[in-house]
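J.: Could you work out the structure for the sequence below:
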Amino acid sequence: MHIVCPQCMSVNRVAEERLKHHPKCGKCHGSLLTSSPVELNEANFSTFTGRNELPVVVDFWAEWCGPCKAMAPVFAELTSELSTRVRFAKVDTEAFPALAQRFGIRSIPSLLLFKAGQEVDRIAGAMNAATLRAWLLQH
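T.: Prediction:
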């Protein structure tokens, strides 16, 4: 299975059964599966969403957005809980408006789910942990 390092964006091959053993990057030796969402930008977005074999959920958010701030702890909690099943990432729409425009983000928070670089689903609005978990695990 291919896993992208959140620090150096190198693609690592990891046996699926080893995901629970905190695998390290072969290049930078950082942890491949982090307990916090990965901050994406225009330079690393395609690599992270396209080269990971685990699904990637991306939270499009902004600092001024109250619902985004309210959902941030839920997103962080599930990042830690589901790190061996789903990769979690965030895009600040104020810092990277071209990414928001590219994906037609009209309201935030918006969560987009990617598999092999292709968007497979999206949902908008803040949600609790149970709702977000159910949405992610149905895919």
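
J.: The nearest residue to Val57 once chain neighbours are set aside in helix, strand or coil?
T.: Closest residue in space to Val57, ignoring its immediate chain neighbours: Leu113 at 5.2 Å, by C-beta to C-beta, 6 or more residues apart in numbering. For every residue, glycine as well, the C-beta is placed using N, CA and C. Look at Leu113: counting by DSSP: H, G, I helix; E, B strand; the rest coil, its state is strand.

J.: do the same with Ser107
T.: coil.

J.: Surely it and Ala126 touch.
T.: No. If you go by C-beta atoms under 8 Å, Ser107 and Ala126 don't touch, sitting 10.7 Å apart.

J.: Who has more neighbours out of those two?
T.: Ala126 (20 against 10; other C-beta atoms under 10 Å).

J.: Let's verify that one: helix, strand, or coil?
T.: Going by three-state DSSP: Ala126 is coil.

J.: From Pro109, how far out is it?
T.: Between Ala126 and Pro109 the distance is 6 Å, computed by C-beta to C-beta, to the nearest Å.

J.: could you say what helices and strands the lengthiest helix in the chain packs with?
T.: The residue-count maximum for a helix in the chain (DSSP state H) belongs to helix 66-81. Secondary-structure packing of helix 66-81 (3 or more C-beta pairs under 8 Å, 6 or more residues apart in numbering; DSSP states H and E): strand 56-61, strand 87-92, helix 129-137.

J.: from those, which stretch is densest packed?
T.: Most buried of the helices and strands packed on helix 66-81 by mean neighbour count (mean count of other C-beta atoms under 10 Å) is strand 56-61; its value is a mean of 25.

J.: elements contacting that one?
T.: Strand 56-61 packs on helix 45-51, helix 66-81, strand 87-92, strand 110-115, going by 3+ C-beta pairs under 8 Å, 6+ apart.
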